[in-house]
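K.L.:
here is my input, please return the structure:
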Amino acid sequence: MKTPIALALGLMLAATGAWAQDTRPIQMIVPYPPGGNTDLMARALQAELTQALGQTVVVVNRGGAAGTIGDAAIARATPDGSTIGMSPNNPLTAQPHLQNLSYSMDSFRFLCLVYDNPQVLVAGRGAPFRDLAGMIAHARTGREALVYGSPGQGSTQHILMAALLKAAGVDGLHVPFTGAGPMATAALGGQIQVFVESPSIPTNTGLPMLAVFGRERMEALPQVPTVAELGHPIEGSSAGGLVGPAGMPDAAAAAIERACATAVASPGFRQAAERLNAVPRYLPGAAFRDRFAAESEMNRTVLKELGLAQ
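P.N.:
Just a heads-up that it's a prediction; the model follows:
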């Protein structure tokens with residue numbers, strides 16, 4: 001005769017279906033090539049998530065088209081919990097407003113936010129200003145007096161810079177690059193005067209940071225004021241987390257959400273994030289979706305004002 005605990009466990013397994021008894025590896029799709037920030041964060045989480053789930057998690061890179069190829073693959077995967085993805089914000093909150101895609105926010109089951117890395121305003125070498133007030137004053141000297149870069153048209157960094165200039169009532173000349181590396185090289189060469197990026201870029205190049213696009217100062221950068229402190233309450237970050245295809249079983253989603261909370265809190269993941277100048281931050285699925293949905297609406301407005309939205 002089964003004990004009440006054994007009976008309850010059997011009923012739970014029957015209710016959750018095959019996923020609860022499945023020992024196949026879980027694929028974690030990363031929508032960028034190996035070596036980038038999203039890939040590195042996914043691999044830092046991989047071992048901890050495997051341990052927390054008791055089930056092997058394998059990273060699969062599917063890069064291209066600003067992250068949208070990989071995110072489309074996540075959206076069309078069989079929704080049985082065997083395929084998830086580590087997606088940053090831009091492919092979900094900006095790209096759907098820039099191009100016709102096969103997915104939308106509703107195509108995904110949001111599982112957990114993993115990291116949320118505030119962006120910083122960085123001055124290029126030889127820039128004719130030393131702080132945010134000086135940058136705005138310089139921009140007022142002429143329509144294209146301020147030359148700023150971004151790692152791509154419609155990128156998170158481009159949107160933040162455009163929102164800041166709009167709030168300050170000034171304009172500038174936008175120079176898009178293929179990525180953060182070439183942009184940082186141009187800033188070191190004095191070809192652009194300012195840009196927005198993750199703190200790792202100015203940390204590695206020695207370029208001065210003028211402000212943080214965060215609600216509060218970063219613990220690692222206590223001397224750098226926030227944009228809000230300087231009169232412009234604009235927040236923005238390179239954030240990412242685990243998503244799956246819409247229609248995932250609730251039991252599978254809940255199990256991954258719980259394991260994700262354990263993995264993000266682990267010393268191994270936090271140490272890896274610190275090396276990448278990233279900020280670990282856990283949010284459960286519903287709060288994660290709400291955060292990206294709010295950012296998507298902000299991006300829709302900003303991109304429309306920039307003339308970039310569809």
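K.L.:
OK, contacts around residue 108?
P.N.:
Contact analysis of residue 108 by Cβ atoms under 8 Å, 6 or more residues apart in numbering lists 74-75, 87, 92, 243-246. (Each C-beta comes from the backbone N, C-alpha and C, glycine too.)
K.L.:
would you mark the buried spots in stretch 92-104?
P.N.:
92-98, 101, 103 (16 or more other Cβ atoms under 10 Å).
K.L.:
can you check stretch 67-80 too?
P.N.:
For stretch 67-80, by 16+ other Cβ under 10 Å, it's 67-68, 70-75, 77, 79-80.
K.L.:
who does the nearest residue to residue 243 once chain neighbours are set aside bridge with?
P.N.:
In space, and not counting its chain neighbours, residue 243 is closest to residue 108: 4.4 Å by Cβ to Cβ, 6 or more residues apart in numbering. Taking DSSP bridges as the rule, residue 108 bridges to residue 245.
K.L.:
what's the end-to-end length of stretch 136-153?
P.N.:
Start-to-end span of stretch 136-153 (Cα to Cα, to the nearest Å) is 22 Å.
K.L.:
burial count for residue 284?
P.N.:
Neighbour count for residue 284, taken as other Cβ atoms under 10 Å: 16.
K.L.:
that one contacts residue 241, correct?
P.N.:
No - look at residue 284 against residue 241 with Cβ atoms under 8 Å: they stay out of range, at 10.1 Å.
K.L.:
now the common contact residues for those two.
P.N.:
With Cβ under 8 Å, 6+ apart, residue 284 and residue 241 have common neighbours residue 112.
K.L.:
how near is residue 229 to residue 49?
P.N.:
Residue 229 sits 36 Å away from residue 49, going by Cβ to Cβ, to the nearest Å.
K.L.:
looking at those two, which has the bigger crowd around it?
P.N.:
Taking neighbours as other Cβ under 10 Å, residue 229 and residue 49 compare with residue 49 leading, 28 against 14.
K.L.:
what does the pLDDT read for that one?
P.N.:
Per-residue confidence at residue 49 stands at 97 (pLDDT).
K.L.:
same question, residue 204
P.N.:
Reading off the model, residue 204 has pLDDT 78.
K.L.:
with residue 66 instead?
P.N.:
77.
K.L.:
over to residue 199?
P.N.:
83.
K.L.:
what about the residue nearest to it when sequence neighbours are not counted, distance to residue 292?
P.N.:
Closest residue to residue 199 apart from its sequence neighbours, by Cβ to Cβ, 6+ apart: residue 277 at 4.8 Å. Separation of residue 277 from residue 292 (Cβ to Cβ) stands at 22 Å.
K.L.:
where do the strands sit along the chain?
P.N.:
With DSSP state E as the criterion, the chain has strands at 26-30, 57-61, 83-88, 108-118, 120-123, 147-150, 173-176, 194-197, 209-212, 237-245, 280-284.
K.L.:
just how off-centre is the last one within its chain?
P.N.:
Between the centre of strand 280-284 and the centre of its chain there are 12 Å (Cα atoms, centre = their mean, to the nearest Å).
K.L.:
in its sheet, what does it sit against?
P.N.:
For strand 280-284, pairing defined by DSSP bridges yields strand 108-118 (antiparallel).
K.L.:
how many neighbours does residue 64 have?
P.N.:
Counted with other Cβ under 10 Å, residue 64 comes out at 13.
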